[in-house]
Structure formats: C-alpha cells, structure tokens
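Q: With the input below, show me the fold.
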Amino acid sequence: MNHSPRTRTVTGCCLLVLALVGTATACGSDDSLSSAPYDAAAQLSFGGIKKGADADPDKPLEISSKSGEGRITDVTAVDATGRYLPGRLSDDGSRWHSTAPLASGAHYTLRVSTENSDGAPGRKVVSFATANPRHKNVLKVEFGPKKGEYGVGQPITAKLSSPVKDKAARAVVERALSVQSRPAAEGSWYWVSSRELHYRPRAYWPAHATIEVRSGLKGIKIGGGMWGGDSNPLRITTGDKIEAVTDASSHRMTVYRNGEEINDLPVTTGKPGFETRNGVKVVLGKEAFVRMRSSTVGIAAGSGDSYDLPVHWATRVTWSGEYVHAAPWSVGSQGSANTSHGCTGMSTDDAEWFFNTVHVGDIVKVVGSDGDEMTPFDNGFGDWNLSWPKWRQGSAVTGSGTNDTGSDAVPSVQAARLRPQV
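A: Sure thing, here's the model as predicted:
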C-alpha cells in the first residue's frame, strides 16, 4: 500500500513583539539554536527596534505572542553586571513584562524560551543597550560602618546623597540594597530619615558571621528625576557574641560570651535626677583616656553636681556621653548604691578588663533603672529597642516606610566627645 507524505499547513506563526516604546540598538541573536526542530530564531520577530539607537530606560519591557501556535515559557533579562530584571509571565504564556525599571546606560542580554503546540522548544537571544538620561540627579549610597570586625549588635547604615521622601521611590531604593549574611540571618531596612536607612536582623547577628552589603541602584530610575549612581560595597565580620547586662537596682553587671557568663562586676549607675537609660545600647567607641567636664552636659560650674575629672578605660554607648568607665572615686558605692551622673562606673581594674573585652558593636543592656528608655536612633544605636513588627513597619517594602523617627543630621563622634558625663 502506498502512502503519500503527510503534510501539515501552518496557518499562523508565533510572533513575539518586543515593545520598548522607545528605541534600541541593533540586536544580536544566538543562531546556534536554529537547528532545533522548532526553529524559534526564524519565527520570532522583535518590533520597535532601530539600528544605532538605545532603548528608553523609562519605558517597560514587554514581549507578546500574537499567535496561538506557540507560547512563551521563560524570559531572562540580565545586564552586564549580572543584575537580573524581574518580570511577570502571563498564565497562558502570551505575554511577559518587566516589573522593575530598566537601568540606564546598561547593556542587557534577553533570552526568550518558547514552545509550539507540539511542545517543541525554541529560543531567541537578543542584546540591546539603554540610553543615559541627558539630565539626571544621581543618588549615591555610603554604607557603614567601615570594613572590619564588629560585635553582633552592630547595625548596617546606608546614608544617601539626596533625600528620598516618596514611599514608592523609597521602595525602589530599598529593593536595590542587598545585605547577605553567612550564616544567614533574617533582617530588614528601616528608614530612619529621608537620607538614612538602618539594617538589622530580627535577632542579633550570628557570632563569627560574614556580612556583605551592596547597592544595585546604578542606572536605576528612582523617581522625581533621580537615578541611582555608583556605590562602594561593604564587607564586615562579627566576633564572639559579647553581651553586658547591667541591673541598676542590684548594682551589678553580668558579662556573657556566646551565652555563657564570664564575669560579674559591682557597678554604680545614675543617681536620682541623672538616671541611666534603660534598654539595649551598642558600643560606639572606646577611649583609654577622656576628660569629662560637667559643663558639656549643661551642669553649671560651681554647682553641687559639677565635675572636671580625668577618666580612664571609657567605653562609649551613647552620643550624649554615656560611658562604662573607671570610677575609682565611687568604689565604696559600687555594688550598693547609684551615685553617678548617668554613666556606669566600676573599679579601674574592672573597667580595664571590660575595655579590653568588648568591641565596637557589642551589646550593653541596662535594666532596673528609674530612667527613660533608650531612644532608637538619635543618641547612638538604640535600634534593638524596637520590636521586630515595629522595625518592619519602618521598611518601605514591608511597612509604611515613612515613619521617620530620626533627624537627617546624626551627631558625629567628634561632636559627641564634647559631651561626656560621669
């Protein structure tokens, strides 16, 4: 029996249209895939492309299938720095569109995977560039602290070169700031002000962790004529988990390393009218010697509370001048009474031990005081005094991102040194 060859007439072809609304440079394709049974390279067509011009980064990227013969199965768009462009594919595979802005002045490689009605795969690879806006306000990010090893309470800071007030623009900035910890730690950004963000984990950082911080803002449209600029990455590590807990009511400080008690010290804290602040503080710096004068904290010279003292082994925990330091003049009260002007005082030997044990970023917690609570942002790193749900409310992605509680101007270490208190 003779059989004539079976033929199949294709009444329509799969047409993929790249609608950039603007223009793009000449595209290049990966012809190595054209030998596949379903020749995607031959059936895909990209519209809105003009040779020698760049794509408009202010317009979304969209790919559509105009035929029922095939469907899109996957789209990947990545720029030369390895930054992926997120997008959404429709359930029926007929349309894909970007869900974040394209970067300006970037070179993208776009890979589109398809299949026909018989399930045969196809693929098209296209390269294009995006234009640089002629006039743009560039936003730069400076990460802190400086590279080095810190305690597990050290927050990450991101200071912006210009204010960002709109919530949508803040969300663009926040999504582009990446913090990765090894071991992993869940964390979130908080908008302290229009020009500063803080990042902290849900709990403290793991001990002996490596934390890497990067900005993916370069070339990204933020809003209000503002575009992301260059930013230097940051890498810090953590040491042991050191936590000092001072009970002002029992006049004792207990120091823990990695959860185990390593010392119990008699101390004195703030007397009535000068009570030490309750709450979690973070070590800001250490000074082997500092001269403390009452006039720097508003106490009139010659009054009963005035002082001018040389102080050794001073560990700073607030910008306003609260320290843990040697106080040999109050040894008789340490462990039994609170006699200081707000600092935590201890013997010279104990203060030297404490000074040599703790590092910047370690935790100093005060309980049992009649004083106010440590504020979150305007007097050091009080970030840990916000509950995790409240902290997430300060994110423009998971919360309102507009509940600024800090000033745009953060006191510098140099200015803070003028305000020590004993």
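Q: Just the C-alpha atoms of stretch 356-374, please, in CSV.
A: C-alpha atoms of stretch 356-374 as CSV (Å, rounded to 0.1, in the frame of the first residue of the first chain):
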residue,chain,number,x,y,z
ASN,A,356,39.7,45.1,76.6
THR,A,357,36.9,42.5,76.4
VAL,A,358,34.3,44.4,74.4
HIS,A,359,34.4,45.7,70.8
VAL,A,360,32.5,48.3,68.8
GLY,A,361,29.1,46.8,68.1
ASP,A,362,28.9,44.7,71.2
ILE,A,363,25.7,44.9,73.4
VAL,A,364,25.3,46.8,76.6
LYS,A,365,21.9,46.4,78.2
VAL,A,366,20.5,48.3,81.2
VAL,A,367,17.6,47.1,83.3
GLY,A,368,16.1,48.1,86.6
SER,A,369,16.8,51.8,86.3
ASP,A,370,14.2,54.5,87.0
GLY,A,371,15.5,56.4,83.9
ASP,A,372,13.9,56.8,80.5
GLU,A,373,14.1,54.2,77.7
MET,A,374,17.0,54.4,75.2
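Q: could you give the mean pLDDT of that stretch?
A: Per-region confidence: stretch 356-374 scores 97 on mean pLDDT.
Q: any idea how far Tyr108 is from the residue positioned nearest the centre of the chain?
A: Computing the C-alpha centroid of the chain and ranking residues by Cα atoms, centre = their mean puts Tyr199 first, at 4.5 Å. Distance, Tyr199 to Tyr108, using Cβ to Cβ, to the nearest Å: 29 Å. All C-beta spots, glycine's among them, are computed from the backbone N, C-alpha and C.
Q: same question, Ser90
A: Taking Cβ to Cβ, one finds Ser90 at 21 Å from Tyr108.
Q: neighbour count winner among these two?
A: Tyr108 (20 against 13; other Cβ atoms under 10 Å).
Q: Going along the chain, name the strands of the stretch 101-250 of the chain.
A: Assigned by DSSP state E, counting those that start in this stretch, the strands in the stretch 101-250 of the chain fall at 107-116, 121-129, 137-139, 141-144, 148-150, 156-160, 177-182, 187-193, 196-201, 210-215, 221-223, 226-228, 234-238, 242-247.
Q: Could you list the low-pLDDT ranges of the stretch 201-350 of the chain?
A: 293-307 (pLDDT under 70).
Q: Count residues in the vicinity of Gln146, would you?
A: Residue 146: Lys, not Gln. Neighbourhood size, Lys146 [other Cβ under 10 Å]: 9.
Q: For it, give me the pLDDT.
A: The model's pLDDT for Lys146 equals 97.
Q: mind checking how far it is from Val126?
A: In this view, Lys146 and Val126 are 42 Å apart by Cβ to Cβ.
Q: Return the set of buried residues in stretch 219-229.
A: Within stretch 219-229, the residues that count as buried by 16 or more other Cβ atoms under 10 Å are 219-223, 226-229.
Q: As JSON lines, these with distance to Lys136 would be great.
A: Converted to JSON lines, the buried residues of stretch 219-229 look like this (distance: Cβ to Cβ, whole Å):
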{"residue": "Gly219", "distance to Lys136": "10"}
{"residue": "Ile220", "distance to Lys136": "11"}
{"residue": "Lys221", "distance to Lys136": "9"}
{"residue": "Ile222", "distance to Lys136": "10"}
{"residue": "Gly223", "distance to Lys136": "12"}
{"residue": "Met226", "distance to Lys136": "7"}
{"residue": "Trp227", "distance to Lys136": "5"}
{"residue": "Gly228", "distance to Lys136": "10"}
{"residue": "Gly229", "distance to Lys136": "9"}
